[in-house]
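# Build me a model from this:
(3 chains)
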Amino acid sequence: MNHRLLSSFFEHDVLEVAPQLLGKILVRKFDDGSIQKFLITEAEAYRGTEDLACHASKGRTARTEVMFGEGGRVYVYLIYGMYWMLNFVAGPEGDASAVLIRGLEGISGPGRVGKTLQLEKSFYGENLETSERIWLEDSGFSPDYSTSPRIGITYAGEPWISKPWRFVWKR
DNA sequence: GTAAGGATTGGC
DNA sequence: CCAATCCTTACT
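Numbering: from 1, shown residues only, chains lettered A, B, ... in the order given. Below you'll find the predicted structure:
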């Protein structure tokens, strides 16, 4: 029986939390009662209001509100009118950071992650410590990983474009 | 109220 | 290369 990750796991700097998520188990219990588990293989860190690539840099709005709260919450948003991006809020209350889940074992791309997990707006603000439909479990190991610049954020400009805040499981 | 564009993907 | 498709934000 694996141990469910608690909010305390997320209450650290997003640059520590993001790489630690690699190799963790993402559990999704669907409406029909079936359960599927996935290993997290790729994640990106978005670090607070000063990070121009982070949505929270636009200020505290209805959309970014959850990122300003405590770690361990889910932040989802629709992109290009068709893809739900899955993020986990990191850091303490007031620190608007989050980790974007870009890939799971056998699934490449954040859009496909959201599609596979059947995410939609009701997941906004979901508490990973108490949720009955999505949570994380510790797998007991930490894979080697490589870092690289984040994808699709050229609009953020330097120095944000160059930050090596994308973490990919190296196998 | 209106308009622009996006942390993407898959098809041409 | 570019359309799909809709929500959030910025501006009038």
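# Remind me which helix or strand residue A:26 belongs to.
Counting by DSSP states H and E, the element that carries residue A:26 is strand A:25-29.
# residues near residue A:160, how many?
21 (other Cβ atoms under 10 Å). Any C-beta I mention is one placed from the backbone N, CA and C, and that applies to glycine too.
# and what of residue A:106?
Neighbour number of residue A:106 under other Cβ under 10 Å is 10.
# Identify the residue nearest it in space, chain neighbours excluded?
Nearest residue to residue A:106, sequence neighbours excluded (Cβ to Cβ, 6 or more residues apart in numbering): residue A:38, at 7.6 Å.
# Spell out the secondary structure type for that neighbour.
strand (DSSP: H, G, I helix; E, B strand; the rest coil).
# Quick check: beta-bridge partners of it?
residue A:26 (DSSP bridges).
# and the residue of chain A nearest DNA strand C?
residue A:81 (2.5 Å; Cβ to the nearest atom of the strand).
# So for stretch A:137-146, what gets flagged as buried?
A:138, A:139, A:143, A:145 (16 or more other Cβ atoms under 10 Å).
# Skipping adjacent residues, who's closest to the first one in space?
In other words, residue A:138. Nearest one to residue A:138, counting by Cβ to Cβ, 6+ apart, is residue A:3 at 4.8 Å.
# From the chain's centroid, how far away is the strand holding residue A:26?
13 Å (Cα atoms, centre = their mean, to the nearest Å).
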